[in-house]
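K.L.:
I'd like to go over a predicted model; first the sequence, then the structure.
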Amino acid sequence: MSAPLAKTTPTFVGMPKFPAMAKDALANTQQRRNLLHATHTIRAKRASVVEEVPQWEALRLNGADVKDEVLANLDSYLLQFEEKLTERGATVHWARDAEEANRIVLDLVRAEGVDEVVKVKSMATQEIELNEALEAAGIHAWETDLAELIIQLGHDRPSHILVPAIHRGRAEIRQIFRQEMGKVGRPAPEDMTDAPRELAEAARLHLREKFLRAKVAISGANFAIADTGTLVVLESEGNGRMCLTLPETLISVVGIEKVLPTWEDLGTFMQLLPRSSTGERMNPYTTMWTGPAEGDGPQNVHVVLIDNGRTRVLADEVGRQTLRCIRCSACLNVCPVYERVGGHAYGSVYPGPIGAVLTPQLRGTSSAIDQSLPYASSLCGACFEVCPVRIDIPRLLVKLRTQVVDEHRGHNSVESRTMQAAAWMFADSRRLAKAQKASTLGGKLLGRRTALGALPWPASSWSSARDVPVPPKETFRQWWDRTGGGQA
Amino acid sequence: MSSAREEILGRIRSTQTGSAATVSVAPAPVTEPMETEAMLDLFVENMRDYRAIVREVSVDDIAAAVDAVLAEHGCHTVVVPPDLPPEVAPTSIETTVDDDLSATALDDIAAVVTTSSVGIAVTGTIVLDHCAGQARRALSLVPDVHICVVHADQVVTSVPEAITRLRASVEAGRPLTWISGPSATSDIELNRVEGVHGPRNLEVILVR
């Protein structure tokens, strides 16, 4: 039985390949400035709090092993988790793909007879485009994380896993709040400046009325504990606590890979995640709940377990390590490619190094963007070094490149013809010498330039994403002959 | 057609080979517990680092400290859980005892007083398991000043030690709230702003 891939959600269908998206992103100077500041700031914070933990490497090893053990026995852990949750009075649902998950959530929301829900920031619900599905059915889904609110009000897409609105500056955020808040609720204060404190206050006031009246909340989960049936959400602002506490109904959409075997395993991950993610010893707020609690918080508790391509990833014995990912985003902050192009160019809700691996694993490599993602890396290895669960991202990128090449084997592409011609030339030293001599002519004609712009077709497919160096005016062999190896 | 549950479990089982099922797991590292005084000092230092206001008092001075905090913030309204220990209760202003108050009613109250369950020194974290004196979750969430009383014997050195202490609460089905400083965001150009939705003021009274 071969598991299906995740469908590309409507937002990302037909997206151009990474180099084309990157080119536009690189021209956005505000975004580049913000990204440089953000990635370097979080990177430094992470490094300093990781340094405080002498057993960091042992924690990483334990974290990676625990996740591998879960993946090797995922069926029994999921069943145990389901049993515990059911015992505790929660209802567990299973969804094969995004469409099924959205339908389950929509039915649950409709059963409560409401036309709005409040949401905790969740990568899983972004992945399945739940908000879009709810809006299409006439149900407003209010994002309550400040950054997600900025994205939603700005009709924009997230560009970072942890700080999704990092591409926006304070002046833009003020503009968005002034223009959009009033359309969906309490307007931004008239005299609001672009000071972060005032913008955060506007969000507090705007969302508070939504929190106080909400009947249904939707969340994801950072961890799901099999032996107790506990779900865990880490956050900073308190919007998570509001959603997880005040409404009557709570629906949590959880990827099947989020399970941890025992309560005690959480000890490792509550150290790994905050330090890797926000660079804090601990994030301000974490909520843990084990079904409905008597007289406290939502009494109607649902959990939707989603596959959506994950079992497909699981089937690959090397590639399955991607499912260890705890969505900390440390790999984004150290990536020289992400730092320059930002998250939008990756054509998925999962940007950066982990996205370049996870997206083509979940969706396959049939579209232009998904074929190009494994190449969106310099393979420098920084992502592996910071990964709290030791996902060997560079190795997986190379493996995916192989897959992309294999899928195109036999096609008579420009690249394959060029490579054939190169092989013919390199096979004979006289041919090579002639070709090199010819190239120096080009170098002489170009004078003092050091790089060429776009080349004409068919070389344009290569030069569109690369600076082409000007050929040398003299080859090494010519120099050697002329100078006697530097003796003359 | 089989159910989603059966189909997903079937897909998972089809990926399992004999060798993969036996993953040997490297043990989680153990943090040596610190000596008590040093541990409590670290706890206070780390809480302050994340902008909590911490007062250290003896057991006889708890109520006075609570009153002082309320006066400092100019609070005229304060809510407490019905089972708050009397030595912790404020005496300076009239208190509202929680009687399943609505969220809207809580939004009109300035402060809340609770006890706590566990403190973690290396992270400056307080954990509430919401039993005796710790109130249901909404109480320590909606009012803008959270006064939280922590006893020295509740503080442990590390996160795994805290997890061990909390197993019984989780098994009893109680929710947990981990608090490390007041509500905060860094979403706007990475500028840290204290106080978005949770209490903007976390006042810790450590009894040692």
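P.N.:
Structure's in. What do you need? Numbering: from 1, shown residues only, chains lettered A, B, ... in the order given.

K.L.:
which other helices and strands contact the host helix or strand of residue A:208?
P.N.:
Assessed by DSSP states H and E, residue A:208 sits inside helix A:196-213. In terms of contacts (3 or more Cβ pairs under 8 Å, 6 or more residues apart in numbering or on different chains; DSSP states H and E), helix A:196-213 is packed against strand A:116-119, helix A:146-153, helix A:170-184, helix A:239-245, helix B:103-107, strand B:193-194. The way it works is simple: take the backbone N, C-alpha and C, and place the C-beta from them, glycine included.

K.L.:
Would you tell me which of those gets closest to residue A:101?
P.N.:
strand A:116-119 (14.4 Å; Cβ to Cβ).

K.L.:
if we can go back for a sec, compute the inter-axis angle for the helix holding residue A:208 and helix A:146-153.
P.N.:
Relative orientation of helix A:196-213 versus helix A:146-153 (axes from the mean of the first three to the mean of the last three Cα atoms, to 10 degrees): 80 degrees.

K.L.:
Give me the buried positions along helix A:196-213.
P.N.:
Going by neighbour count (16 or more other Cβ atoms under 10 Å in any protein chain shown), the buried part of helix A:196-213 is A:196, A:198-204, A:206-208, A:210-211.

K.L.:
Let me know the secondary structure of the nearest residue to residue A:387 once chain neighbours are set aside.
P.N.:
Nearest non-adjacent residue to residue A:387, counting by Cβ to Cβ, 6 or more residues apart in numbering or on different chains: residue A:331, 6.0 Å away. Recorded secondary structure, residue A:331: helix (DSSP: H, G, I helix; E, B strand; the rest coil).

K.L.:
what sits against residue A:331?
P.N.:
By Cβ atoms under 8 Å, 6 or more residues apart in numbering or on different chains, residue A:331 lies in contact with A:352-354, A:382-383, A:386-387, A:393.

K.L.:
pLDDT averaged over the host helix or strand of residue A:94 - what is it?
P.N.:
Element membership for residue A:94 (DSSP H and E) is strand A:91-95. Confidence for strand A:91-95, expressed as mean pLDDT, is 98.

K.L.:
how deep is residue B:50 tucked in, by neighbour count?
P.N.:
Residues near residue B:50, counting by other Cβ atoms under 10 Å in any protein chain shown, number 21.

K.L.:
what's the angle between the very next helix or strand once past the strand holding residue A:94 and strand A:91-95?
P.N.:
Moving toward the C-terminus from strand A:91-95, the next helix or strand (DSSP H and E) is helix A:98-111. Counting by the same axes, to 10 degrees, helix A:98-111 lies at 150 degrees to strand A:91-95.

K.L.:
Contact partners for residue A:75?
P.N.:
Residue A:75 touches B:9, B:12-13, B:16, counting by Cβ under 8 Å, 6+ apart.

K.L.:
Give me the residue at the spatial middle of the chain.
P.N.:
I'll assume chain A. When Cα atoms, centre = their mean is applied to chain A, the residue found nearest the centroid is residue A:350 (2.2 Å).

K.L.:
other chain: chain B
P.N.:
residue B:127 (3.3 Å).

K.L.:
what's around the residue nearest to it when sequence neighbours are not counted, how many residues?
P.N.:
Distances taken as Cβ to Cβ, 6+ apart place residue B:118 nearest to residue B:127, at 4.3 Å, with adjacent residues excluded. Look at residue B:118: counted by other Cβ under 10 Å, it has 22 neighbours.

K.L.:
Can you give me the pLDDT of residue B:118?
P.N.:
The model reports residue B:118 with a pLDDT of 98.

K.L.:
For it, give me phi and psi.
P.N.:
phi -140, psi 150 (degrees, to the nearest 10).

K.L.:
Against residue B:28, how distant is it?
P.N.:
Distance of residue B:118 to residue B:28, given as Cβ to Cβ, to the nearest Å: 18 Å.

K.L.:
now residue A:301
P.N.:
In this view, residue A:301 and residue B:28 are 29 Å apart by Cβ to Cβ.

K.L.:
Please apply the same query to residue A:99.
P.N.:
39 Å.

K.L.:
So which of the two has more stuff around it?
P.N.:
Using other Cβ under 10 Å as the criterion, residue A:99 and residue B:28 rank with residue B:28 on top: 21 against 15.

K.L.:
Which residue is the nearest non-sequential neighbour of the residue of chain B found nearest chain A?
P.N.:
Nearest to chain A in chain B, going by Cβ to the nearest Cβ, is residue B:198, at a distance of 2.6 Å. Excluding its sequence neighbours, the residue lying closest to residue B:198 (Cβ to Cβ, 6+ apart) is residue A:238, at 2.6 Å.
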